[in-house]
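J.: sequence-free structure coming up:
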């Protein structure tokens, strides 16, 4: 298999509610990307070239160095890309950058760009060294690998302008990864015992994070008469992200919450957005408010004011 084909089969999309980018496996259960791709996102999704996706079980990173690692529950040894050891590049050496330009706005396989090595760069304003090339990176390719012609990683896509781009040098990444922590990583904080609206917010937050067992536990005993875990989870199998726009008490009700939310769904290799609003009636069970009965309707083409009312 040629280097370009191997890269297209190994480089993944990283998709959250706030940002999108690319990534690649540096170990069988570790995906490297840029920190800015997952910043403020507690549950980004890793989308594989075949269209399947998963949610990382742990995230570590370094905001200043712009490096993050997403840990997967399953292992993918066949997708691991090796680093060039030692890192030695010749003047004008051909290099390859791989990623997903424009994120999910552009469907299809990863884009492979070819360019040339220009120089190694350092700056007192940044804690890592960079590789400069004549490639033109665009949004969505952040976090993808820069490799030599054999597909060995020499750097990580991080920033670029027309005809000029910079990549975090491979040795810097290898130095940083063992010391990365979850400090600065967005955490999910919900409490369904506080109120009906907080319970509804928790319910959709669990769907966002694909913590399906936790979401299922917020279904009331009466609701469970008409479903089971498998049937219920299958309803949401395509959801990449859920964004709760508003969750508030419905008028003077003591047990009902009004909610507005959007979903980003991954359907046939493309992202689809859907918008909903309505009410959830809750019931107090097992020390929390649980979902009892919903009246949720999809909103077609909402106006901009819908997101702020």
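T.: Cool, got the structure. Model, not experiment: these values are computed from the prediction. Numbers count the residues shown, from 1 in each chain.
J.: any idea how far stretch 198-205 is from the chain center?
T.: Centroid displacement of stretch 198-205 relative to its chain, using C-alpha atoms, centre = their mean, to the nearest Å, is 20 Å.
J.: Grab the most central residue of the chain for me.
T.: residue 44 (2.5 Å; C-alpha atoms, centre = their mean).
J.: Could you verify my assumption that that one touches residue 54?
T.: No. With contact defined as C-beta atoms under 8 Å, residue 44 does not reach residue 54; the gap is 10.3 Å. C-beta coordinates here come from the backbone N, C-alpha and C atoms, glycine included.
J.: What residues sit buried inside the longest helix belonging to the chain?
T.: Secondary structure assigned by DSSP state H gives helix 196-209 as the longest helix of the chain. Using 16 or more other C-beta atoms under 10 Å as the burial criterion, the residues of helix 196-209 that qualify are 196-209.
J.: hang on, the earlier thing: spatially nearest residue to the residue nearest to the centre of the chain, not counting backbone neighbours?
T.: residue 16 (3.9 Å; C-beta to C-beta, 6 or more residues apart in numbering).
J.: same check, this time on residue 249
T.: Going by C-beta to C-beta, 6+ apart, residue 249 has residue 197 as its nearest residue, at 5.6 Å.
J.: got the contact list for the one you found?
T.: 247-249, 257-259 (C-beta atoms under 8 Å, 6 or more residues apart in numbering).
J.: If you rank these by neighbours, which is first?
T.: The residue in the contacts of residue 197 with the most neighbours, by other C-beta atoms under 10 Å, is residue 257 (25 neighbours).
J.: contacting residues for that residue?
T.: Residue 257 touches 195-197, 199-200, 247-250, 279-280, 282, counting by C-beta under 8 Å, 6+ apart.
J.: And residue 229, by the same measure?
T.: 212-213, 216.
J.: just residue 273 next, same as before
T.: 262-265.
J.: Just to be sure, it is in a helix?
T.: No. Assignment of residue 273 by DSSP: H, G, I helix; E, B strand; the rest coil gives strand, placing it outside any helix.
J.: For it, give me the pLDDT.
T.: The model reports residue 273 with a pLDDT of 94.
J.: Tell me the bridge partners for it.
T.: residue 264 (DSSP bridges).
J.: Give me the domain ranges for this structure.
T.: Using automatic domain parsing, the domain parsing of the chain gives 3-179, 196-307.
J.: Find the helix or strand that residue 68 is a member of.
T.: strand 67-71 (DSSP states H and E).
J.: Identify all contacting residues around the worst-scoring helix or strand of the chain on mean pLDDT.
T.: The weakest-scoring helix or strand in the chain, judged by mean pLDDT, DSSP states H and E, is strand 153-161 (a mean of 87). Residues external to strand 153-161 that are found in contact with it (C-beta under 8 Å, 6+ apart): 22, 24, 26, 32, 34, 66-67, 81-84, 87, 89, 95, 97, 99, 130-131, 135-138, 141-148, 165-170, 173.
J.: what ranges do the helices span in the chain?
T.: So, for the chain - with DSSP H - the helices run 3-10, 35-38, 170-176, 196-209, 212-217, 229-234.
J.: Switch these over to a markdown table; also include distance to residue 302 and mean pLDDT.
T.: Output for the helices of the chain, formatted as a markdown table (distance: least, C-beta to C-beta, whole Å; pLDDT from 0 to 100):
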| stretch | distance to residue 302 | mean pLDDT |
| --- | --- | --- |
| helix 3-10 | 36 | 92 |
| helix 35-38 | 27 | 94 |
| helix 170-176 | 42 | 95 |
| helix 196-209 | 17 | 97 |
| helix 212-217 | 24 | 97 |
| helix 229-234 | 26 | 97 |
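J.: closest to residue 183 out of those helices?
T.: Nearest to residue 183, of all the helices of the chain, is helix 35-38, at 11.6 Å by C-beta to C-beta.
J.: For the stretch 101-250 of the chain, give me the ranges with low pLDDT.
T.: 161-163 (pLDDT under 70).
J.: Recalculate using a threshold of 90.
T.: Scanning the stretch 101-250 of the chain for pLDDT under 90 picks out the ranges 102-108, 122-127, 135-140, 158-166.
J.: gap between residue 113 and residue 8?
T.: 12 Å (C-beta to C-beta, to the nearest Å).
J.: hang on, I meant residue 198
T.: 44 Å.
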